[in-house]
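From the sequence below, what's the structure:
(2 chains, ligands or ions: 2)
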Amino acid sequence: MAPHFGLAEFGFLLRGLQWTMLLTLVAFVGGCTAGLAVALLRTCGHKGVEWVIRIYIGIFQGTPLLLQLFVVYYGLALTGLKLDAFVAVAIGFTVNASAFLGEIWRGAIQAVPRGQTEGAMALGLHYSSRMRDIVLPQAIRISLPATIGYLVQLIKGTSLAAIVGFIELARAGQIVSNQTFQPLLVFGVVGAMYFILCWPLSWWGSRMEARLALASQR
Amino acid sequence: MQDQILIEMKGVQKWYGGYQALRNVDLTVRRGEKIVLCGPSGSGKSTLIRCINRLEPIQQGSIVVNGHRLDDSIKAIDVVRQDVGMVFQSFNLFPHMTVLQNCTLAPIRARRASKSEAEATARKYLERVRIGDQAEKYPAQLSGGQQQRVAIARALCMQPKVMLFDEPTSALDPEMVKEVLDTMIGLANDGMTMICVTHEMGFARQVADRVIFMAEGQIIEEGAPEAFFRNPQHARTRQFLGEILAHH
Ligand SMILES: Nc1ncnc2c1ncn2[C@@H]1O[C@H](COP(=O)(O)OP(=O)(O)O)[C@@H](O)[C@H]1O
Ligand SMILES: [Mg+2]
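Ligands and ions are numbered 1, 2, ... in the order given. Sure thing, here's the model as predicted:
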(Lines give C-alpha, C1' and ligand atoms only; values in the text may rest on other atoms or scores of the structure.)
(Ligands and ions follow the chains in the order given, each with its own letter.)
Protein backbone atom coordinates (compact mmCIF):
# COMPACT_ATOMS: atom_id res chain seq x y z
CA MET A 1 0.00 0.00 0.00
CA ALA A 2 1.61 3.29 -1.13
CA PRO A 3 1.74 6.19 1.38
CA HIS A 4 -0.47 9.19 0.72
CA PHE A 5 0.89 12.67 0.30
CA GLY A 6 0.99 13.93 3.88
CA LEU A 7 2.98 16.09 6.24
CA ALA A 8 6.08 13.89 6.06
CA GLU A 9 6.08 14.11 2.26
CA PHE A 10 5.48 17.82 2.36
CA GLY A 11 8.41 18.16 4.77
CA PHE A 12 10.58 16.23 2.35
CA LEU A 13 9.65 18.67 -0.42
CA LEU A 14 10.42 21.59 1.89
CA ARG A 15 13.89 20.21 2.51
CA GLY A 16 14.32 19.94 -1.26
CA LEU A 17 13.23 23.56 -1.51
CA GLN A 18 15.84 24.51 1.07
CA TRP A 19 18.56 22.82 -0.94
CA THR A 20 17.37 24.55 -4.10
CA MET A 21 17.54 27.89 -2.33
CA LEU A 22 20.93 27.16 -0.81
CA LEU A 23 22.37 26.03 -4.13
CA THR A 24 20.94 29.12 -5.84
CA LEU A 25 22.34 31.38 -3.15
CA VAL A 26 25.83 29.89 -3.31
CA ALA A 27 25.88 29.88 -7.12
CA PHE A 28 24.52 33.42 -7.32
CA VAL A 29 26.85 34.96 -4.75
CA GLY A 30 29.84 33.05 -6.12
CA GLY A 31 28.75 33.77 -9.69
CA CYS A 32 28.38 37.49 -8.95
CA THR A 33 31.83 37.70 -7.44
CA ALA A 34 33.55 35.77 -10.20
CA GLY A 35 31.27 37.37 -12.80
CA LEU A 36 32.42 40.83 -11.75
CA ALA A 37 36.01 39.76 -12.33
CA VAL A 38 35.01 38.29 -15.70
CA ALA A 39 33.25 41.50 -16.73
CA LEU A 40 36.16 43.72 -15.64
CA LEU A 41 38.75 41.57 -17.39
CA ARG A 42 36.57 41.36 -20.48
CA THR A 43 36.59 45.19 -20.70
CA CYS A 44 40.12 45.86 -19.42
CA GLY A 45 41.48 47.07 -22.76
CA HIS A 46 44.24 44.44 -22.96
CA LYS A 47 43.61 42.49 -26.16
CA GLY A 48 45.17 39.23 -24.97
CA VAL A 49 43.29 39.16 -21.67
CA GLU A 50 40.01 40.09 -23.35
CA TRP A 51 40.50 37.28 -25.83
CA VAL A 52 41.08 34.67 -23.11
CA ILE A 53 37.97 35.80 -21.23
CA ARG A 54 35.97 35.67 -24.43
CA ILE A 55 36.91 32.03 -24.84
CA TYR A 56 36.05 31.36 -21.20
CA ILE A 57 32.60 32.89 -21.68
CA GLY A 58 32.20 31.11 -25.00
CA ILE A 59 32.90 27.70 -23.50
CA PHE A 60 30.33 28.07 -20.72
CA GLN A 61 27.69 29.65 -22.90
CA GLY A 62 28.34 27.30 -25.80
CA THR A 63 28.10 23.93 -24.05
CA PRO A 64 25.18 22.40 -22.14
CA LEU A 65 25.16 23.07 -18.43
CA LEU A 66 24.49 19.38 -17.96
CA LEU A 67 27.80 18.57 -19.56
CA GLN A 68 29.57 21.09 -17.35
CA LEU A 69 28.08 19.47 -14.24
CA PHE A 70 29.22 16.04 -15.46
CA VAL A 71 32.73 17.34 -16.01
CA VAL A 72 32.94 18.78 -12.50
CA TYR A 73 31.38 15.76 -10.79
CA TYR A 74 32.81 12.82 -12.74
CA GLY A 75 35.80 14.53 -14.30
CA LEU A 76 37.23 15.75 -11.01
CA ALA A 77 36.54 12.32 -9.50
CA LEU A 78 38.79 10.80 -12.18
CA THR A 79 41.65 13.01 -11.01
CA GLY A 80 41.16 11.54 -7.56
CA LEU A 81 39.18 14.51 -6.24
CA LYS A 82 35.95 12.96 -4.95
CA LEU A 83 33.55 15.78 -4.30
CA ASP A 84 30.37 15.77 -2.33
CA ALA A 85 27.41 16.15 -4.73
CA PHE A 86 26.49 19.56 -3.30
CA VAL A 87 30.02 20.89 -3.56
CA ALA A 88 30.33 19.60 -7.11
CA VAL A 89 27.11 21.18 -8.37
CA ALA A 90 27.81 24.38 -6.43
CA ILE A 91 31.14 24.67 -8.24
CA GLY A 92 29.54 23.86 -11.59
CA PHE A 93 26.72 26.39 -11.21
CA THR A 94 29.03 29.07 -9.83
CA VAL A 95 31.44 28.86 -12.73
CA ASN A 96 28.60 28.76 -15.22
CA ALA A 97 26.94 31.76 -13.55
CA SER A 98 30.21 33.69 -13.63
CA ALA A 99 30.26 33.40 -17.42
CA PHE A 100 26.62 34.44 -17.90
CA LEU A 101 26.65 37.25 -15.33
CA GLY A 102 30.06 38.36 -16.61
CA GLU A 103 28.62 38.69 -20.10
CA ILE A 104 25.52 40.54 -18.86
CA TRP A 105 27.69 43.01 -16.97
CA ARG A 106 30.15 43.36 -19.81
CA GLY A 107 27.26 44.62 -21.90
CA ALA A 108 26.13 46.94 -19.12
CA ILE A 109 29.63 48.35 -18.60
CA GLN A 110 29.87 49.08 -22.30
CA ALA A 111 26.41 50.63 -22.26
CA VAL A 112 27.57 53.35 -19.87
CA PRO A 113 28.26 56.32 -22.15
CA ARG A 114 31.90 56.80 -23.10
CA GLY A 115 31.67 60.41 -21.88
CA GLN A 116 31.35 59.18 -18.30
CA THR A 117 34.76 57.52 -18.41
CA GLU A 118 36.24 60.48 -20.26
CA GLY A 119 34.81 62.94 -17.77
CA ALA A 120 36.33 60.88 -14.96
CA MET A 121 39.70 60.57 -16.70
CA ALA A 122 39.84 64.30 -17.36
CA LEU A 123 39.37 64.82 -13.61
CA GLY A 124 42.41 62.64 -12.96
CA LEU A 125 40.49 59.68 -11.53
CA HIS A 126 42.25 56.33 -11.72
CA TYR A 127 40.84 53.09 -13.09
CA SER A 128 39.74 51.80 -9.68
CA SER A 129 37.83 54.96 -8.86
CA ARG A 130 36.41 55.25 -12.38
CA MET A 131 35.00 51.76 -12.07
CA ARG A 132 33.88 51.85 -8.45
CA ASP A 133 32.49 55.38 -8.37
CA ILE A 134 31.34 56.04 -11.91
CA VAL A 135 30.95 53.06 -14.25
CA LEU A 136 29.81 50.18 -12.04
CA PRO A 137 27.07 52.05 -10.16
CA GLN A 138 25.54 52.96 -13.51
CA ALA A 139 26.22 49.58 -15.09
CA ILE A 140 24.60 47.71 -12.21
CA ARG A 141 21.50 49.83 -12.58
CA ILE A 142 21.40 49.12 -16.30
CA SER A 143 21.94 45.40 -15.81
CA LEU A 144 19.51 44.89 -12.94
CA PRO A 145 16.58 43.56 -15.01
CA ALA A 146 18.82 41.09 -16.88
CA THR A 147 20.56 40.07 -13.65
CA ILE A 148 17.25 39.37 -11.92
CA GLY A 149 16.11 37.49 -15.02
CA TYR A 150 19.22 35.36 -14.82
CA LEU A 151 18.60 34.68 -11.11
CA VAL A 152 15.13 33.35 -11.96
CA GLN A 153 16.61 31.10 -14.64
CA LEU A 154 19.20 29.94 -12.12
CA ILE A 155 16.59 28.96 -9.53
CA LYS A 156 14.74 26.84 -12.07
CA GLY A 157 17.98 25.58 -13.60
CA THR A 158 19.24 24.12 -10.32
CA SER A 159 16.90 21.17 -10.98
CA LEU A 160 19.66 19.89 -13.27
CA ALA A 161 21.69 19.13 -10.16
CA ALA A 162 19.52 16.01 -9.75
CA ILE A 163 21.49 14.42 -12.54
CA VAL A 164 24.48 13.77 -10.26
CA GLY A 165 22.27 12.56 -7.46
CA PHE A 166 21.75 15.82 -5.61
CA ILE A 167 18.28 15.99 -4.09
CA GLU A 168 16.87 19.47 -4.62
CA LEU A 169 13.24 20.46 -5.05
CA ALA A 170 12.48 18.90 -8.45
CA ARG A 171 14.23 15.65 -7.57
CA ALA A 172 12.47 15.55 -4.20
CA GLY A 173 9.19 15.93 -6.07
CA GLN A 174 10.04 13.04 -8.33
CA ILE A 175 10.86 10.80 -5.36
CA VAL A 176 7.65 11.67 -3.51
CA SER A 177 5.63 11.23 -6.67
CA ASN A 178 7.09 7.76 -7.22
CA GLN A 179 6.24 6.80 -3.65
CA THR A 180 2.72 8.16 -3.51
CA PHE A 181 1.54 7.73 -7.10
CA GLN A 182 0.04 11.20 -6.84
CA PRO A 183 2.08 12.99 -9.50
CA LEU A 184 -0.46 15.75 -10.18
CA LEU A 185 -0.73 16.73 -6.56
CA VAL A 186 2.99 16.42 -5.85
CA PHE A 187 4.17 18.30 -8.92
CA GLY A 188 1.43 20.83 -8.34
CA VAL A 189 2.93 21.56 -4.92
CA VAL A 190 6.47 21.58 -6.35
CA GLY A 191 5.40 23.96 -9.10
CA ALA A 192 3.75 26.25 -6.56
CA MET A 193 6.98 26.35 -4.55
CA TYR A 194 9.04 27.34 -7.60
CA PHE A 195 6.41 29.90 -8.48
CA ILE A 196 6.44 31.50 -5.03
CA LEU A 197 10.22 31.75 -5.28
CA CYS A 198 10.44 33.06 -8.85
CA TRP A 199 7.39 35.17 -9.44
CA PRO A 200 8.16 38.01 -7.02
CA LEU A 201 11.63 38.24 -8.55
CA SER A 202 10.24 38.33 -12.08
CA TRP A 203 7.78 41.00 -11.01
CA TRP A 204 10.54 43.05 -9.40
CA GLY A 205 12.65 42.61 -12.54
CA SER A 206 9.99 43.88 -14.91
CA ARG A 207 9.23 46.78 -12.60
CA MET A 208 12.92 47.73 -12.64
CA GLU A 209 12.91 47.47 -16.41
CA ALA A 210 9.89 49.73 -16.74
CA ARG A 211 11.45 52.24 -14.39
CA LEU A 212 14.72 52.24 -16.35
CA ALA A 213 12.84 52.71 -19.62
CA LEU A 214 11.05 55.66 -18.09
CA ALA A 215 14.30 57.16 -16.81
CA SER A 216 15.97 56.87 -20.20
CA GLN A 217 13.04 58.66 -21.84
CA ARG A 218 13.58 61.74 -19.72
CA MET B 1 60.82 83.27 -20.58
CA GLN B 2 60.62 79.53 -20.18
CA ASP B 3 58.33 79.34 -17.14
CA GLN B 4 55.87 81.65 -18.81
CA ILE B 5 55.00 78.80 -21.11
CA LEU B 6 52.26 76.51 -19.86
CA ILE B 7 51.67 74.24 -22.82
CA GLU B 8 54.03 73.43 -25.62
CA MET B 9 53.07 71.09 -28.47
CA LYS B 10 55.74 70.37 -31.04
CA GLY B 11 55.37 68.46 -34.28
CA VAL B 12 52.33 66.57 -33.02
CA GLN B 13 51.00 63.89 -35.37
CA LYS B 14 47.94 61.88 -34.51
CA TRP B 15 46.32 59.01 -36.37
CA TYR B 16 43.04 57.21 -35.84
CA GLY B 17 43.95 53.93 -37.48
CA GLY B 18 44.89 54.95 -40.99
CA TYR B 19 43.32 58.39 -40.77
CA GLN B 20 45.59 61.28 -39.84
CA ALA B 21 43.69 63.68 -37.58
CA LEU B 22 46.58 66.00 -36.60
CA ARG B 23 49.34 66.97 -38.99
CA ASN B 24 52.45 68.43 -37.52
CA VAL B 25 50.76 70.68 -35.00
CA ASP B 26 52.88 73.24 -33.11
CA LEU B 27 51.19 75.22 -30.39
CA THR B 28 52.58 77.23 -27.50
CA VAL B 29 50.31 78.59 -24.81
CA ARG B 30 51.56 81.11 -22.30
CA ARG B 31 50.29 81.33 -18.74
CA GLY B 32 47.11 83.35 -18.56
CA GLU B 33 46.59 83.22 -22.28
CA LYS B 34 43.11 82.71 -23.73
CA ILE B 35 42.93 80.91 -27.02
CA VAL B 36 39.93 80.28 -29.21
CA LEU B 37 40.22 77.37 -31.58
CA CYS B 38 37.87 77.28 -34.55
CA GLY B 39 37.51 75.46 -37.81
CA PRO B 40 35.09 73.30 -39.74
CA SER B 41 33.64 70.13 -38.28
CA GLY B 42 36.12 67.26 -38.49
CA SER B 43 39.16 69.51 -38.71
CA GLY B 44 40.71 68.06 -35.54
CA LYS B 45 39.87 70.69 -32.91
CA SER B 46 38.57 68.19 -30.36
CA THR B 47 41.42 65.84 -31.11
CA LEU B 48 43.95 68.60 -30.49
CA ILE B 49 42.69 69.55 -27.04
CA ARG B 50 42.04 65.92 -26.09
CA CYS B 51 45.72 65.20 -26.72
CA ILE B 52 46.67 67.82 -24.14
CA ASN B 53 45.17 65.79 -21.27
CA ARG B 54 45.95 62.52 -22.97
CA LEU B 55 42.37 61.44 -23.61
CA GLU B 56 43.97 60.62 -26.95
CA PRO B 57 47.51 59.32 -27.37
CA ILE B 58 49.73 60.87 -30.03
CA GLN B 59 52.02 58.97 -32.36
CA GLN B 60 54.68 61.60 -32.99
CA GLY B 61 55.85 64.87 -31.54
CA SER B 62 55.92 66.10 -27.97
CA ILE B 63 53.58 67.76 -25.53
CA VAL B 64 54.81 69.51 -22.40
CA VAL B 65 52.32 70.81 -19.84
CA ASN B 66 53.49 73.00 -16.96
CA GLY B 67 57.00 71.67 -17.38
CA HIS B 68 55.95 68.01 -17.41
CA ARG B 69 56.49 66.07 -20.57
CA LEU B 70 53.50 63.91 -21.44
CA ASP B 71 54.47 60.35 -22.29
CA ASP B 72 52.70 57.02 -21.92
CA SER B 73 53.61 56.52 -18.27
CA ILE B 74 50.71 56.59 -15.83
CA LYS B 75 52.73 58.94 -13.65
CA ALA B 76 53.11 61.55 -16.39
CA ILE B 77 49.47 61.27 -17.41
CA ASP B 78 48.46 61.71 -13.76
CA VAL B 79 50.58 64.77 -13.25
CA VAL B 80 49.30 66.42 -16.41
CA ARG B 81 45.62 65.66 -15.70
CA GLN B 82 45.99 67.30 -12.30
CA ASP B 83 46.90 70.52 -14.08
CA VAL B 84 44.36 70.38 -16.89
CA GLY B 85 40.60 70.83 -16.48
CA MET B 86 38.21 69.96 -19.26
CA VAL B 87 34.63 70.88 -20.10
CA PHE B 88 32.79 68.80 -22.69
CA GLN B 89 30.04 69.59 -25.14
CA SER B 90 27.80 66.98 -23.49
CA PHE B 91 28.69 68.03 -19.88
CA ASN B 92 29.51 64.44 -18.82
CA LEU B 93 28.24 65.01 -15.31
CA PHE B 94 27.80 61.85 -13.26
CA PRO B 95 24.02 61.31 -13.24
CA HIS B 96 23.93 59.13 -10.13
CA MET B 97 25.60 61.76 -7.96
CA THR B 98 24.40 65.09 -6.66
CA VAL B 99 25.96 68.30 -7.91
CA LEU B 100 28.03 68.49 -4.74
CA GLN B 101 29.20 64.88 -5.06
CA ASN B 102 30.12 65.52 -8.69
CA CYS B 103 32.36 68.33 -7.49
CA THR B 104 33.96 66.59 -4.50
CA LEU B 105 34.69 63.14 -5.94
CA ALA B 106 37.91 63.97 -7.78
CA PRO B 107 39.44 66.14 -5.03
CA ILE B 108 38.73 63.37 -2.51
CA ARG B 109 39.98 60.53 -4.70
CA ALA B 110 42.77 62.13 -6.70
CA ARG B 111 43.94 64.91 -4.38
CA ARG B 112 43.24 63.08 -1.12
CA ALA B 113 41.28 66.04 0.21
CA SER B 114 39.10 65.46 3.26
CA LYS B 115 35.36 65.44 2.68
CA SER B 116 34.76 68.71 4.53
CA GLU B 117 37.65 70.40 2.77
CA ALA B 118 36.41 69.19 -0.63
CA GLU B 119 32.87 70.32 0.12
CA ALA B 120 34.03 73.77 1.17
CA THR B 121 35.98 74.13 -2.09
CA ALA B 122 33.06 72.80 -4.10
CA ARG B 123 30.60 75.23 -2.55
CA LYS B 124 32.99 78.09 -3.24
CA TYR B 125 33.18 77.26 -6.95
CA LEU B 126 29.47 76.48 -7.21
CA GLU B 127 28.84 79.96 -5.82
CA ARG B 128 31.24 81.36 -8.32
CA VAL B 129 29.32 79.86 -11.24
CA ARG B 130 26.18 81.10 -9.48
CA ILE B 131 24.64 77.73 -8.80
CA GLY B 132 25.36 77.34 -5.09
CA ASP B 133 21.70 76.79 -4.25
CA GLN B 134 21.48 73.66 -6.43
CA ALA B 135 24.23 71.68 -4.69
CA GLU B 136 21.98 68.91 -3.40
CA LYS B 137 20.19 68.31 -6.72
CA TYR B 138 20.94 65.67 -9.31
CA PRO B 139 22.15 66.74 -12.77
CA ALA B 140 18.91 65.63 -14.45
CA GLN B 141 17.01 68.15 -12.31
CA LEU B 142 18.97 71.05 -13.80
CA SER B 143 18.73 72.88 -17.11
CA GLY B 144 21.45 72.39 -19.72
CA GLY B 145 23.03 75.74 -18.92
CA GLN B 146 23.08 74.94 -15.22
CA GLN B 147 24.58 71.52 -15.89
CA GLN B 148 27.36 73.02 -17.94
CA ARG B 149 28.11 75.52 -15.19
CA VAL B 150 28.30 72.63 -12.73
CA ALA B 151 30.74 70.92 -15.11
CA ILE B 152 32.88 74.07 -15.07
CA ALA B 153 32.79 74.21 -11.28
CA ARG B 154 33.62 70.52 -11.08
CA ALA B 155 36.74 71.04 -13.17
CA LEU B 156 37.74 74.13 -11.15
CA CYS B 157 37.56 72.14 -7.91
CA MET B 158 40.74 70.37 -9.01
CA GLN B 159 42.42 73.78 -9.22
CA PRO B 160 43.77 73.30 -12.72
CA LYS B 161 46.37 75.51 -14.34
CA VAL B 162 44.52 75.50 -17.65
CA MET B 163 40.95 74.87 -18.74
CA LEU B 164 40.05 73.19 -22.01
CA PHE B 165 36.58 73.77 -23.42
CA ASP B 166 35.25 71.60 -26.24
CA GLU B 167 32.27 73.42 -27.76
CA PRO B 168 30.76 74.03 -24.31
CA THR B 169 27.68 75.80 -25.66
CA SER B 170 26.92 73.71 -28.75
CA ALA B 171 24.52 71.37 -26.99
CA LEU B 172 22.60 74.17 -25.28
CA ASP B 173 19.32 75.82 -26.11
CA PRO B 174 20.03 79.35 -27.38
CA GLU B 175 18.67 81.06 -24.28
CA MET B 176 21.19 79.22 -22.10
CA VAL B 177 24.29 79.99 -24.13
CA LYS B 178 24.81 83.37 -22.53
CA GLU B 179 24.90 82.16 -18.93
CA VAL B 180 27.66 79.70 -19.80
CA LEU B 181 29.63 82.22 -21.86
CA ASP B 182 29.33 84.75 -19.03
CA THR B 183 30.77 82.17 -16.66
CA MET B 184 33.66 81.58 -19.04
CA ILE B 185 34.25 85.29 -19.43
CA GLY B 186 34.37 85.62 -15.65
CA LEU B 187 36.93 82.85 -15.54
CA ALA B 188 39.00 84.55 -18.22
CA ASN B 189 38.90 87.83 -16.33
CA ASP B 190 40.21 86.04 -13.26
CA GLY B 191 43.30 85.15 -15.26
CA MET B 192 42.65 81.47 -16.03
CA THR B 193 44.57 80.04 -18.97
CA MET B 194 41.98 78.76 -21.44
CA ILE B 195 41.76 76.94 -24.73
CA CYS B 196 38.24 77.09 -26.07
CA VAL B 197 36.93 75.28 -29.08
CA THR B 198 33.92 77.38 -29.97
CA HIS B 199 32.17 79.09 -32.81
CA GLU B 200 30.97 81.90 -30.58
CA MET B 201 32.82 84.69 -32.34
CA GLY B 202 31.50 87.35 -29.96
CA PHE B 203 33.16 85.46 -27.14
CA ALA B 204 36.36 85.21 -29.18
CA ARG B 205 36.44 88.95 -29.78
CA GLN B 206 35.79 89.69 -26.15
CA VAL B 207 38.25 87.40 -24.38
CA ALA B 208 40.65 85.74 -26.81
CA ASP B 209 44.29 86.76 -26.97
CA ARG B 210 44.65 84.63 -30.06
CA VAL B 211 42.26 82.93 -32.44
CA ILE B 212 43.51 79.81 -34.17
CA PHE B 213 41.95 78.38 -37.29
CA MET B 214 42.30 74.69 -38.10
CA ALA B 215 41.42 72.69 -41.19
CA GLU B 216 42.20 69.10 -42.09
CA GLY B 217 44.28 68.48 -38.98
CA GLN B 218 46.51 71.51 -39.45
CA ILE B 219 46.77 74.92 -37.91
CA ILE B 220 46.18 77.14 -40.95
CA GLU B 221 46.28 80.57 -39.43
CA GLU B 222 46.29 82.40 -36.14
CA GLY B 223 46.17 85.96 -34.91
CA ALA B 224 44.75 88.45 -32.47
CA PRO B 225 40.94 88.49 -32.81
CA GLU B 226 40.65 91.90 -34.45
CA ALA B 227 43.18 91.15 -37.16
CA PHE B 228 41.95 87.58 -37.54
CA PHE B 229 38.36 88.59 -38.20
CA ARG B 230 39.06 91.78 -40.13
CA ASN B 231 41.81 90.54 -42.33
CA PRO B 232 42.11 86.74 -42.58
CA GLN B 233 45.10 85.71 -44.68
CA HIS B 234 43.99 82.39 -46.11
CA ALA B 235 41.15 81.70 -48.52
CA ARG B 236 40.14 78.72 -46.38
CA THR B 237 39.78 80.98 -43.34
CA ARG B 238 37.77 83.55 -45.24
CA GLN B 239 35.44 80.88 -46.51
CA PHE B 240 34.97 79.49 -43.00
CA LEU B 241 34.35 82.89 -41.45
CA GLY B 242 31.90 83.66 -44.21
CA GLU B 243 29.93 80.52 -43.42
CA ILE B 244 29.96 81.14 -39.67
CA LEU B 245 28.94 84.77 -39.88
CA ALA B 246 26.14 83.90 -42.27
CA HIS B 247 24.70 81.73 -39.53
CA HIS B 248 24.83 84.36 -36.81
N1 LIG C 1 37.80 57.99 -32.00
C2 LIG C 1 37.93 58.24 -33.32
N3 LIG C 1 38.16 57.22 -34.18
C4 LIG C 1 38.32 57.46 -35.50
N5 LIG C 1 38.26 58.67 -36.06
C6 LIG C 1 38.05 59.72 -35.27
C7 LIG C 1 37.85 59.56 -33.86
N8 LIG C 1 37.64 60.77 -33.32
C9 LIG C 1 37.69 61.65 -34.35
N10 LIG C 1 37.92 61.03 -35.51
C11 LIG C 1 38.07 61.67 -36.81
O12 LIG C 1 39.12 62.61 -36.75
C13 LIG C 1 38.76 63.81 -37.42
C14 LIG C 1 38.85 64.97 -36.48
O15 LIG C 1 37.84 64.82 -35.48
P16 LIG C 1 37.61 65.90 -34.35
O17 LIG C 1 38.89 66.18 -33.68
O18 LIG C 1 36.49 65.40 -33.53
O19 LIG C 1 37.15 67.16 -35.20
P20 LIG C 1 36.42 68.48 -34.74
O21 LIG C 1 36.40 68.51 -33.26
O22 LIG C 1 37.22 69.59 -35.34
O23 LIG C 1 35.06 68.44 -35.33
C24 LIG C 1 37.37 63.58 -37.99
O25 LIG C 1 37.48 63.23 -39.33
C26 LIG C 1 36.82 62.44 -37.17
O27 LIG C 1 35.95 61.68 -37.95
MG1 LIG D 1 34.75 68.47 -31.96
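
Stretch B:109-117 near chain A at all?
Yes: judged by C-beta under 8 Å from any C-beta of the partner chain, stretch B:109-117 comes into contact with chain A through B:109-111. Just so you know, the C-beta spots here come from the backbone N, C-alpha and C atoms, and that holds for glycine as well.

Going by neighbour count, which of those are buried?
With burial judged by 16 or more other C-beta atoms under 10 Å in any protein chain shown, the buried subset of the residues of stretch B:109-117 next to chain A is B:109-110.

need the residues of stretch B:109-117 next to chain A in a markdown table with secondary structure, distance to residue B:142 and pLDDT, can you?
Rendered in a markdown table, the data for the residues of stretch B:109-117 next to chain A read as follows (DSSP: H, G, I helix; E, B strand; the rest coil; distance: C-beta to C-beta, whole Å; pLDDT from 0 to 100):
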| residue | secondary structure | distance to residue B:142 | pLDDT |
| --- | --- | --- | --- |
| B:109 | helix | 23 | 96 |
| B:110 | helix | 24 | 94 |
| B:111 | coil | 25 | 92 |
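
just the residues of stretch B:109-117 next to chain A now: which is nearest residue A:132?
Nearest to residue A:132, judged by C-beta to C-beta, of these is residue B:109 at 9.3 Å.

Excluding chain neighbours, what is closest to the closest one?
The shortest distance from residue B:109 to any residue that is not its chain neighbour, by C-beta to C-beta, 6 or more residues apart in numbering or on different chains, is 4.5 Å, and that residue is residue A:129.

Whichever residue of chain B sits closest to chain A: what's it in contact with?
Nearest residue of chain B to chain A: residue B:92, at 3.3 Å (C-beta to the nearest C-beta). Under the criterion of C-beta atoms under 8 Å, 6 or more residues apart in numbering or on different chains, the contact list for residue B:92 reads A:113, A:115-116, A:118-119, B:151.

how many other residues sit next to the residue found closest to residue B:65 once you drop the neighbours it is linked to in the chain?
Among residues not flanking residue B:65 along the chain, residue B:80 sits closest, at 4.7 Å (C-beta to C-beta, 6+ apart). Each residue near residue B:80 was counted by other C-beta atoms under 10 Å in any protein chain shown, and the total is 23.

how many neighbours does residue 174 have?
You didn't say which chain, so I picked chain A. 18.

Not quite, go with chain B.
Burial of residue B:174 is recorded as 7 neighbouring residues (other C-beta under 10 Å).

List phi and psi for the closest residue to residue A:85 other than its chain neighbours.
Spatial nearest neighbour of residue A:85, chain neighbours left out: residue A:166 (4.3 Å); criterion: C-beta to C-beta, 6+ apart. Dihedral angles phi and psi of residue A:166 (degrees, to the nearest 10) take the values phi -90, psi 130.

which residues touch residue A:166?
By C-beta under 8 Å, 6+ apart, the neighbours of residue A:166 are A:19, A:23, A:85-86, A:88-89.

Looking at chain A, which residue is nearest ligand 1?
With distances taken as C-beta to the nearest ligand atom, chain A approaches ligand 1 most closely at residue A:114, which sits 9.3 Å away.

Please name the bridge partners of the residue positioned nearest the centre of chain B.
Centroid-nearest residue in chain B, with C-alpha atoms, centre = their mean: residue B:164, separated by 1.5 Å. On DSSP bridges, the residues paired with residue B:164 through beta bridges are residue B:86, residue B:195.

What separation is there between it and residue A:37?
Using C-beta to C-beta, to the nearest Å, we find residue B:164 at a distance of 35 Å from residue A:37.

List phi and psi for residue 169.
The chain I'm using is chain A. The main-chain torsion angles of residue A:169 are listed as degrees, to the nearest 10 and equal phi -60, psi -50.

Actually, chain B is the one I wanted.
Reported as degrees, to the nearest 10, the phi and psi values for residue B:169 are phi -110, psi 0.
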